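A.B. asks: Pasting the sequence and the predicted coordinates here, then a few questions.
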Amino acid sequence: MICGVPAIDSSLATLSLKSLMAKDFIGYQSLTDQALRGVVRDALRRIEKSGLIGAHHFYLTFKTHAEGVDIPDFLKEQYPDEMTIIIQHQYWALKVKEDYFEVTLTFKKLPAPLHIPFSALTAFFDPGVQFGLQFRSEGETKQAAPGPVMVPPPQPEGEIATEPALPADKTPAGEVVSLDSFRKK
């Protein structure tokens with residue numbers, strides 16, 4: 001008691017305040033994901049109207065069994081979890097709506113219409129300008145994946161990296177990997 005008033009144990013008060021401060025009641029992660037999915041929607045709307053300009057082309061990765069995804073069964077069988085599509089030279093019937101987009105691509109020389117909700121996206125990358133975003137899937141826990149991440153521009157040749165390279169098995173969770181490393185040379 002201090003001056004007749006019960007004293008508060010500051011260590012307990014601090015713990016209580018930290019636990020209140022740690023809880024995100026607003027849902028910033030969800031708001032950020034929604035806003036950045038809007039970036040993808042707007043980019044697709046621009047190419048829907050004007051076509052791809054310059055070096056722009058898109059890699060879009062999505063959960064194949066997410067709610068609202070409509071793709072041919074053979075693609076769901078071939079890609080049971082995630083699939084990456086490329087919108088570059090041969091795509092047809094691109095239609096962009098508020099919550100989803102539709103595009104027709106060819107697989108095994110057959111046209112395949114795809115209906116993909118923006119909520120199913122897990123990654124977006126435009127290698128023409130080295131811009132990318134990574135999203136959490138609906139229902140993923142906070143520790144399971146990072147929030148949206150911008151891909152840093154490539155380092156000019158001859159420049160030394162400021163961070164030490166990690167062995168392949170020690171890649172930090174949530175690192176965005178450039179798709180250039182997977183391209184045939």
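C.D. replies: Looks like it arrived, so ask away. Numbers count the residues shown, from 1 in each chain.

A.B. asks: Looking at the chain, which helix is longest?
C.D. replies: helix 28-50 (DSSP state H).

A.B. asks: can you list contacts of that helix?
C.D. replies: By Cβ atoms under 8 Å, 6 or more residues apart in numbering, the list of residues contacting helix 28-50 from outside reads 53, 56, 58, 60, 87, 94-96, 98, 101, 118-119, 121, 124, 126, 133, 135-136, 142, 147-148. The way it works is simple: take the backbone N, C-alpha and C, and place the C-beta from them, glycine included.

A.B. asks: Out of these, which end up buried?
C.D. replies: Buried members of the contacts of helix 28-50, scored by 16 or more other Cβ atoms under 10 Å, are 56, 58, 60, 87, 94, 96, 101, 118-119, 121, 124, 126, 133, 135-136, 147-148.

A.B. asks: worst-scoring helix or strand of the protein, pLDDT-wise?
C.D. replies: helix 10-22 (a mean of 52; mean pLDDT, DSSP states H and E).

A.B. asks: Do you have the strands of the protein handy? List them.
C.D. replies: For the chain, the strands defined by DSSP state E occupy 58-63, 82-87, 92-96, 100-107, 110-117, 121-126, 131-134.

A.B. asks: Strand 92-96 and the longest helix of the chain, what's the angle between them?
C.D. replies: Counting by axes from the mean of the first three to the mean of the last three Cα atoms, to 10 degrees, helix 28-50 lies at 140 degrees to strand 92-96.

A.B. asks: For helix 28-50, list every residue counted as buried.
C.D. replies: 29, 33, 36-37, 40-41, 43-44, 47.

A.B. asks: low-confidence ranges in the protein?
C.D. replies: Along the chain, segments meeting pLDDT under 70 span 1-21, 137-185.

A.B. asks: which residues touch Ala22?
C.D. replies: For Ala22, no contacting residues are found, by Cβ under 8 Å, 6+ apart.
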